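Colleague: compute the structure for the input listed below.
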Amino acid sequence: MMAVSKEQMSELESSMVTIVRVFHKYTGHKCKLKKAELKELINNEMNHFILKIQENETLDELFADLDQNSDMKIDFKEFTTLIAMVTSACHDVFLPVHQNH
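Modeller: This is a model prediction of the structure:
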């Protein structure tokens, strides 16, 4: 991948870089999220799209659904599944309104 300045990136490319940076902000150098880190990420970074996770049972279910390889950690590929699910669920809310003229 070429080194590109933020000003040269498209809106979508900038958003993709943001997803990577936010993931690593919560994983540190491990590149995987533990359950508590996933909860913190969701509650801090996605709280307008996902209700704050208060119940451990809710977190356990979400974590189990995302942890496809059952290693008790969420890697970036598994994290992108969450991003895709939430983005898809919110799609209709952000559809542009088409006006007939």
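
Colleague: next, count neighbours for Ser14.
Modeller: Under the neighbour criterion other C-beta atoms under 10 Å, Ser14 is assigned a count of 13. Placement of C-beta: from N, CA and C, glycine included.

Colleague: and it, that one's in a strand?
Modeller: No - counting by DSSP: H, G, I helix; E, B strand; the rest coil, Ser14 is not part of a strand but helix.

Colleague: and the pLDDT at it?
Modeller: According to the prediction, Ser14 has pLDDT 94.

Colleague: who touches Phe49 in this structure?
Modeller: Contact partners of Phe49, counting by C-beta atoms under 8 Å, 6 or more residues apart in numbering, are 86, 89-90.

Colleague: 6 Å - rerun?
Modeller: The neighbours of Phe49, taking C-beta atoms under 6 Å, 6 or more residues apart in numbering as the test, are 86, 90.

Colleague: quick one: secondary structure of it?
Modeller: Once three-state DSSP is applied, Phe49 turns out coil.

Colleague: ok, Asp71 next?
Modeller: coil.

Colleague: what count of nearby residues applies to Leu59?
Modeller: 17.

Colleague: tell me which element it is part of?
Modeller: helix 56-66 (DSSP states H and E).

Colleague: check Phe79 and give its pLDDT.
Modeller: With respect to pLDDT, Phe79 has a value of 98.

Colleague: surely it is in a strand?
Modeller: No - checked against three-state DSSP, Phe79 lies outside a strand; its state is helix.

Colleague: returning to what we had before: name the residues that touch the helix holding Leu59?
Modeller: 35, 39, 53, 74, 78, 81-82.

Colleague: can you mark which positions in that helix are buried?
Modeller: Buried residues in helix 56-66, counting neighbours by 16 or more other C-beta atoms under 10 Å, are found at 59, 62-63, 66.

Colleague: would you turn those into JSON lines with distance to Leu12 and pLDDT?
Modeller: Shown next, in JSON lines, are the buried residues of helix 56-66 (distance: C-beta to C-beta, whole Å; pLDDT from 0 to 100):
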{"residue": "Leu59", "distance to Leu12": "30", "pLDDT": "92"}
{"residue": "Leu62", "distance to Leu12": "26", "pLDDT": "94"}
{"residue": "Phe63", "distance to Leu12": "28", "pLDDT": "96"}
{"residue": "Leu66", "distance to Leu12": "23", "pLDDT": "97"}
